[in-house]
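Peer 1: what follows is a protein structure lacking sequence information:
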């Protein structure tokens, strides 16, 4: 596993301390309705652009609905050379209820 699982509390601390790339891998409608501030909606249509244009030395946090799909996405980003990758446990559901 090339990523770390973090909680909402961990993410809030990281947001306060570091310049993060926050990646939302939910569907387009869910992203449009609500998302974590400054999150990038990552999907098949913009994945190549993201990989080509994003610096790999910045920490990346990936989230989905409940924290399951984000694990695969976080692992994939780590395999693509992103050095510091996190997956949000509990996903957006936990974020929204915090």
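Peer 2: Happy to help now that I have it. Given the structure is predicted, the values throughout are model-derived calculations rather than measurements.

Peer 1: tell me the secondary structure at residue 62.
Peer 2: The local conformation at residue 62, judged by DSSP: H, G, I helix; E, B strand; the rest coil, is strand.

Peer 1: quick one: contacts for it?
Peer 2: 3, 23, 25, 42, 70, 73-74, 77, 85-88 (Cβ atoms under 8 Å, 6 or more residues apart in numbering). Yep, even glycine has a C-beta here, placed from its N, CA and C like the rest.

Peer 1: what's across from the residue most central in space within the chain in the sheet?
Peer 2: The residue lying closest to the centre of the chain (Cα atoms, centre = their mean) is residue 62, at 1.6 Å. Residue 62 has these beta-bridge partners by DSSP bridges: residue 23, residue 87.

Peer 1: quick check: pLDDT value at residue 75.
Peer 2: pLDDT recorded at residue 75 is 97.
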